[in-house]
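*Asks:* take this sequence and fold it.
(chains A, B, C, D, E and F)
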6 protein chains.
Amino acid sequence: MNKLIIGLPKGSLQESTYALFAKAGFHIKGNSRSYFPSIDDDEIELRLLRSQEMSRYVEAGMLDAGISGLDWIAANGSDVHVLCDMVYSKQTKRPVRWVLAVPEDSPIQSVKDLEGKRIATEGVALVERWLAENGVKADVEFSWGATEVKVPEFVDAIVDITETGSSLRAHNLRIVDTLMESYTQFFCSQDAWTDDWKHAKLEKISLLLQAALNAADKVLLKMNVSEGNLDAVKAQLPALHSPTVSGLSDDGWYAIETVVEESVVREIIPELKAAGAEGIIEIGLNKVVA
Amino acid sequence: MNKLIIGLPKGSLQESTYALFAKAGFHIKGNSRSYFPSIDDDEIELRLLRSQEMSRYVEAGMLDAGISGLDWIAANGSDVHVLCDMVYSKQTKRPVRWVLAVPEDSPIQSVKDLEGKRIATEGVALVERWLAENGVKADVEFSWGATEVKVPEFVDAIVDITETGSSLRAHNLRIVDTLMESYTQFFCSQDAWTDDWKHAKLEKISLLLQAALNAADKVLLKMNVSEGNLDAVKAQLPALHSPTVSGLSDDGWYAIETVVEESVVREIIPELKAAGAEGIIEIGLNKVVA
Amino acid sequence: MNKLIIGLPKGSLQESTYALFAKAGFHIKGNSRSYFPSIDDDEIELRLLRSQEMSRYVEAGMLDAGISGLDWIAANGSDVHVLCDMVYSKQTKRPVRWVLAVPEDSPIQSVKDLEGKRIATEGVALVERWLAENGVKADVEFSWGATEVKVPEFVDAIVDITETGSSLRAHNLRIVDTLMESYTQFFCSQDAWTDDWKHAKLEKISLLLQAALNAADKVLLKMNVSEGNLDAVKAQLPALHSPTVSGLSDDGWYAIETVVEESVVREIIPELKAAGAEGIIEIGLNKVVA
Amino acid sequence: MNKLIIGLPKGSLQESTYALFAKAGFHIKGNSRSYFPSIDDDEIELRLLRSQEMSRYVEAGMLDAGISGLDWIAANGSDVHVLCDMVYSKQTKRPVRWVLAVPEDSPIQSVKDLEGKRIATEGVALVERWLAENGVKADVEFSWGATEVKVPEFVDAIVDITETGSSLRAHNLRIVDTLMESYTQFFCSQDAWTDDWKHAKLEKISLLLQAALNAADKVLLKMNVSEGNLDAVKAQLPALHSPTVSGLSDDGWYAIETVVEESVVREIIPELKAAGAEGIIEIGLNKVVA
Amino acid sequence: MNKLIIGLPKGSLQESTYALFAKAGFHIKGNSRSYFPSIDDDEIELRLLRSQEMSRYVEAGMLDAGISGLDWIAANGSDVHVLCDMVYSKQTKRPVRWVLAVPEDSPIQSVKDLEGKRIATEGVALVERWLAENGVKADVEFSWGATEVKVPEFVDAIVDITETGSSLRAHNLRIVDTLMESYTQFFCSQDAWTDDWKHAKLEKISLLLQAALNAADKVLLKMNVSEGNLDAVKAQLPALHSPTVSGLSDDGWYAIETVVEESVVREIIPELKAAGAEGIIEIGLNKVVA
Amino acid sequence: MNKLIIGLPKGSLQESTYALFAKAGFHIKGNSRSYFPSIDDDEIELRLLRSQEMSRYVEAGMLDAGISGLDWIAANGSDVHVLCDMVYSKQTKRPVRWVLAVPEDSPIQSVKDLEGKRIATEGVALVERWLAENGVKADVEFSWGATEVKVPEFVDAIVDITETGSSLRAHNLRIVDTLMESYTQFFCSQDAWTDDWKHAKLEKISLLLQAALNAADKVLLKMNVSEGNLDAVKAQLPALHSPTVSGLSDDGWYAIETVVEESVVREIIPELKAAGAEGIIEIGLNKVVA
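*Replies:* Just a heads-up that it's a prediction; the model follows:
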């Protein structure tokens, strides 16, 4: 039987990845200590791996596809084919950034000032490539943890991952530069992409994952409108997709349904009400096919 | 930029308040030890405070609005403007009561019997006002905790908060009187209410919070009915809101949709089925605009 | 007032049973240490009991109805009336099996080889009946726990409950035979079934529980289709229930709604899209009345 | 090599048993999920088993020795050789009792009143033997848990394990009779006791376990006394063991050391001080060889 | 029978108080939710109470004695008799301080600058008394928690409890003044102190508690010394108590024992070794009677 | 003031290191998230660092001394001065080993078979040096975790840390070779060792740490013996240190004290008793100065 081997990220993203696959229609089971979870699709096998190692094993062909951050694909310099971005939730999740940080009172103001300095980071390859691009020579050492407490006592600067920068600020560190932004991606090997069966299977999985991701930030709005208010109400709805309008048995009344970004609902509900919409309700969605 | 500063209750209500704001369209972030959570609306700033102190700081104008129990507004004697009640869920949440409790075998039968007695309570001001209203003089002392174990050894009676009374009964206490019922409220300062921008912003937030609260106890029922059964089926639906009826492509068939209280569904589904409704389904709701 | 006393299973199924009743419209409250949870229906009283004992007390009339595994009804040899099966989720829950297991290298190959052997199990009555049916005599001893580590040092074989067999394999045990498959059931006493009021009440509860269970594995699919694609799209939908089709205000466009098994969605969404369906969305369901 | 296989109790006694063996000089290692802990004595192998099953497997010879409650040895009716009692700590641990308990208002006043009644218990064999000894016939059913909530709804009486009776009182139950007192014992099979090597090894282990148990309730008291006060001080010391007295380099002064029950120290220290003892100190002990 | 009722502090000190009583020879039992722990001395009854309330109930005679911080005795203005200080461990426990703290950049430099200001504190009475002593008038409001985050937004200054000041510094607060230092005390009512039996009983308990507290910071040092080194070694030992010296069977050798502060051991061991002491060992102590 | 900066290992060894320093007389405080714990010796400053990085920063002079495994000193190739080994407990702690492991059925039988293979390990430098010493060329890749599940799917062999090998066996891996044994060490920089003050301070700390470590596996045995049995009893005591013997006031009786390895006590107590020793007791020790 044809088989697709997919690597999922072990650790902090594991639970939300399982939940996302479930929403996409693939149910994963496996106790927390196992590295070989099972899935209810006989054509797929799963492996749990650290994000840092994922693209290395996809590129080398031991995995057909994997999910990890763009940063580690770049750090490993892996040649892989990206299937789709996976932004788990726009509301609560910003991309992470790899930033150069130094103590508030450090004289370092740009990458150029790093010449001859000592830098600690979890992403040694990433930093070395960036320094080379900038023509700077410096000592880059692998940090096994607690990178942010190492300046200025042990190193001159650090390159660390941050979402909001608040942890860095709490340690009195100043962000000097951003090396890269990163978000989670679903990617496959070039070999898998050129194999017909794997290509089709990967596109199907990607379509369903995107349908589930899409749904996370969208909702269905429903309301009833009398004919006289129909245009006014429609004018308040986002122009992106035209709403579904159907006549009701009560003459002169219409039902409107439309999928909108959850983030605009708080703005348009007062407007819709003012424009004459009645019985407005909001319903959550499992999948939205783009 | 215009800013609205809102106080949210620290403690047992915190998680459900965050969840309610999210359902209303406002996403709050903040680790559990921080008192300054962030929200994805630049016009709002949040503070976490103990319920007991909320109305004091709203009245004094340090906060524009706050969420806390009616009891503590009363205990503080604060002059504030109430925006809406916030009953998180009718099914599982009853209002709390402040009750006068004494040992089963105590001679105390009414507030009048408290003359000259010793009373422990967390709500000293509340009890003192109530005693004064009843023309009774007694020693009211602040209880730092475990109020229910203090009678009869340390005090003659207690005034404590209870929902079902079961904890009091478990300590062999008898409820003599109820001082007040309390539920959570969203309120603002009189100054904020007279400021145009703040007034509008507060009404919008209140509308969305109520839409989310409303949805917690309501569901959408959908079903298909043939023309002959249409009246019989409609007769089973609660009269409050008229259902949405639309004709289907199959001649002589109609689709009915209606929002009903979740609590009546278990009663009407058997009736609807008996009246000829087919394909009955129930869908949960995020918001219901009243 | 008429009263129905129902026993619910204490332990691993308790939380999902409470959640199921809530979805069916019955809200249960009770702290984790209480054996007498309350429910928001004055005609029902609840008791929490171990699954193993449930059918014994239903048969004896101390409970009107109960929820437990078929295996323990059989082990107790109880004469009860089954109202409905309760498969909590097809995706993630397989029936459990009672299996005969021995060490990989044991000479035991069938029930016949158990003659004169020592067997440990939690279900002594179940095993003794099965041995008798097979005309085999063996020592069956009650196992107080950790049954799978007792072979071969303390007993020759065990009869244990398993879902996937993985725990048995991890202990190097081989499954020789399956005594029975079991799943959760809602059942009542013969007396309750012949009482008119209890009979009607039980059927209503059973209908609602099934509506909630049904909904767990089903979803609502909605999409818009132009007239020309209508037949092609309908051909992709499962034949089981005919979909609800209604004309839209835009001439020549139709809205299709249909309830389908969640497990087929991942197969049909790509097909529906290919057949011309637009704006496909999936919505979760609380109840589906069969 | 000669080997002794010892069963240790799985569950609530496990941790204190490991600690006791460590104090006796035997260090046990094994993660909490393993049933085969290792010990730093190549002549011993360990098995973890439920207390209820221990004596059954010792009697049958699969274990040479075991540790469990006297109650389960009796319930199993096992013929084993008792090596020593193991009272982990006199201060904090009383023997447990198997008691007959009924609701406060039950007419049952003695074992005789159980004729024809229904009794739930975890110790079916124990209760059946006791009823037979008293010439009483009753239905004894195995209770899978929560025995104390079964009266009076499901059974007429229960036989349950209790230390202080407080849990029974909390359920409004009255203790009618005590079937037996039980404490932990170290015992071996009759075969092991007649084997020379095992006999010697078991006696050595028993001696060391007792030395460790002994030490738990004893302490070493040391003090200095001048010749004139020597008799007065010695008069305050427990007569059991004569104290060790040695002359100091300072003429006319003596050092006294004595091992006493920890429980009497709080009584005698004020007396010793009054009698002229100086520099009184108390030291904890690891082992006291009787 | 004569009875002494003692209040123990509920909360963070509870576990160490139980441990201290055990070391003193009194064993307390009681599950974590009970307010009436039991003790193995029939002449004593225990109550668990919040530290804040202890002295109030001792003064009023509902308790004979209690353990709480000096600060709350002072805050309550209670007239009680102090039996002994209870410094649980000099190494790891410093006295707590009640300090006036303001934001780093606040103009407030002394108590005088508080005139007309708003102050939040858990110890309202303590602060009001202190302000009165300093002739300053200010608004003192009770803080229900998280006092340190209230400046400067809600109040101008706070009076809070601190041990090292590090939490205040982490909130960018500056300590302006110290209102009082506090440590734990064992105290009784004036009535109990004048009752002969209670007086004697309290002195005995106090002696034993002090013996246990004393032992926490002291150890026994033992060593052997030849006659020639005896004076040199003795010269290194703290002068406080003369060491116990006894001749050994080996002519010309002496054994020395002495109780010393644990904190000096790290200083004197190298010196003792240099002075010729051999076989130096250190032993922990349970009680040291002063 | 002179200062010594010492790095302590963050993580699994942290708690036992704090406990060891406390036993040695140095009390460390610091909440679990801080990297700068405080110590009650003004001449010492502490840093918490990962073991892997310790020797790197000691060699570079940012730390004067550190505690970490010998393996990471070797992996870093650091030139440092070792002060003492720190075997926390002989009974329960064996040295860890870095081993080469392969699947049970792998053809790899020795380091020579690794030529051209792929190896995953947390200690890349360690493995590369070992391969070079053996004249073998192979791909060594850094493993971010779960190394033992990577063979054979992702790599041909792994080099991992193990104490007993049981985790490797559980993954069906075979140990082919041992690269090195490792235990914890206390070491300092060459510069610190040549500085007079730091040299003296380090020797003092080392002496006290060793005294505390020594005490963990030793106990004090005390007993009384009559003159006639004196030689027989002394013959049973380990020859290493001669016991301390002193005459008692009772003519013809002697007290014997001796420090012995805890591991031999279980062997000699039965012999001592047989030889006539009376009142044998065992006492734990805090420090034993070698």
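*Asks:* for chain D, what is the nearest residue in the stretch 51-200 of chain A?
*Replies:* Closest contact between the stretch 51-200 of chain A and chain D, by CB to the nearest CB, is at residue A:145 (25.3 Å). C-beta here means a position set from N, CA and C on the backbone, and glycine is covered the same way.
*Asks:* so for stretch A:96-108, what's the average pLDDT?
*Replies:* The average pLDDT for stretch A:96-108 rounds to 96.
*Asks:* check stretch A:152-167 too.
*Replies:* Here the average pLDDT along stretch A:152-167 is 92.
*Asks:* with stretch A:225-236 instead?
*Replies:* 95.
*Asks:* which residues touch that stretch?
*Replies:* By CB atoms under 8 Å, 6 or more residues apart in numbering or on different chains, the residues outside stretch A:225-236 that reach it are A:223, A:243, A:245, A:252-256, A:268, A:271-272, A:275-278.
*Asks:* make it 10 Å
*Replies:* Stretch A:225-236 has contacts (CB atoms under 10 Å, 6 or more residues apart in numbering or on different chains) with A:223-224, A:242-243, A:245, A:247-248, A:250-256, A:258, A:267-280, C:249.
*Asks:* what separation is there between the nearest residue to residue A:42 once chain neighbours are set aside and residue E:129?
*Replies:* What sits nearest to residue A:42 in space, not counting adjacent residues and going by CB to CB, 6 or more residues apart in numbering or on different chains, is residue A:1, at 6.7 Å. The gap separating residue A:1 from residue E:129 is 83 Å, by CB to CB, to the nearest Å.
*Asks:* neighbour-wise, which of the two wins?
*Replies:* With neighbours defined as other CB atoms under 10 Å in any protein chain shown, residue A:1 and residue E:129 compare such that residue E:129 has more, 15 against 4.
*Asks:* over to that one. Which of the three states is it?
*Replies:* Under DSSP: H, G, I helix; E, B strand; the rest coil, residue E:129 falls in the helix class.
*Asks:* touching, the residue nearest to residue A:42 and residue A:41? I think so.
*Replies:* No: using CB atoms under 10 Å, residue A:1 is not in contact with residue A:41, being 11.2 Å away.
*Asks:* flag every residue of the stretch 101-250 of chain A that's near chain B.
*Replies:* For the stretch 101-250 of chain A, the contact set with chain B under CB under 10 Å from any CB of the partner chain comprises A:164, A:166, A:219-224, A:246-250.
*Asks:* out of these, list just those in helices.
*Replies:* Taking DSSP state H, the ones among those that sit in helices are residue A:166.
*Asks:* report the buried residues of stretch A:69-87.
*Replies:* A:69-76, A:78, A:80-81, A:83-84, A:86 (16 or more other CB atoms under 10 Å in any protein chain shown).
*Asks:* mind checking how far the single nearest residue of the stretch 101-250 of chain A relative to chain F is from residue F:75?
*Replies:* Using CB to the nearest CB, the single residue of the stretch 101-250 of chain A nearest to chain F is residue A:144, 4.0 Å away. Using CB to CB, residue A:144 is found at 12 Å from residue F:75.
*Asks:* so for these two, which residues contact both of them?
*Replies:* Taking CB under 10 Å, 6+ apart as the contact rule, residue A:144 and residue F:75 both touch F:52, F:122.
*Asks:* quick check, the residue in chain A closest to chain C?
*Replies:* Closest residue of chain A to chain C, CB to the nearest CB: residue A:25 (3.4 Å).
*Asks:* contact partners for that residue?
*Replies:* Contact analysis of residue A:25 by CB under 10 Å, 6+ apart lists A:40-41, A:205, A:208-209, A:211-212, A:286-287, C:91, C:219, C:262-267, C:269, C:282.
*Asks:* low-scoring stretches of the stretch 1-150 of chain A, by residue?
*Replies:* A:32, A:89-93 (pLDDT under 70).
*Asks:* apologies, that question was intended for the stretch 151-290 of chain A.
*Replies:* In the stretch 151-290 of chain A, residues with pLDDT under 70: A:239-240.
*Asks:* mind listing the strands for the stretch 151-290 of chain A?
*Replies:* Counting by DSSP state E, counting those that start in this stretch, the stretch 151-290 of chain A has strands at residues A:157-162, A:173-182, A:184-188, A:218-226, A:244-247, A:253-261, A:278-284, A:287-288.
*Asks:* quick one: secondary structure of the spatially most central residue of chain A?
*Replies:* Centroid-nearest residue in chain A: residue A:87, 2.6 Å away (criterion: CA atoms, centre = their mean). When classified by three-state DSSP, residue A:87 comes out as coil.
*Asks:* run through the residues that contact residue A:30.
*Replies:* Residue A:30 is in contact with A:8, A:14, A:18, A:36, A:37, A:38, A:39, A:46, A:48, counting by CB under 10 Å, 6+ apart.
*Asks:* revised request: answer the last question for residue A:197.
*Replies:* Contact partners of residue A:197, counting by CB under 10 Å, 6+ apart, are A:2, A:3, A:4, A:43.
*Asks:* repeat that for residue A:140.
*Replies:* If a contact means CB under 10 Å, 6+ apart, then residue A:140 has A:114, A:117-121, A:123-128, A:130-131, A:155, A:157, A:159 as its contacts.
*Asks:* quick check: residue A:49 touching residue A:8?
*Replies:* Yes: counting by CB under 10 Å, residue A:49 touches residue A:8, with 7.5 Å between them.
*Asks:* the residue nearest to residue A:18 when sequence neighbours are not counted: neighbour count?
*Replies:* Take residue A:18 and drop its neighbours on the chain: the residue closest to it by CB to CB, 6+ apart is residue A:28, 4.9 Å away. Per other CB under 10 Å, the neighbour tally for residue A:28 reads 21.
*Asks:* now the residue in chain A that chain D sits nearest to, what's its secondary structure?
*Replies:* Closest to chain D within chain A is residue A:33: 10.8 Å, counting by CB to the nearest CB. When classified by three-state DSSP, residue A:33 comes out as coil.
*Asks:* can you see whether stretch A:48-56 contacts chain F, counting any residue in it?
*Replies:* Yes: using CB under 10 Å from any CB, stretch A:48-56 comes into contact with chain F via A:48, A:49, A:50, A:51, A:52, A:53, A:56.
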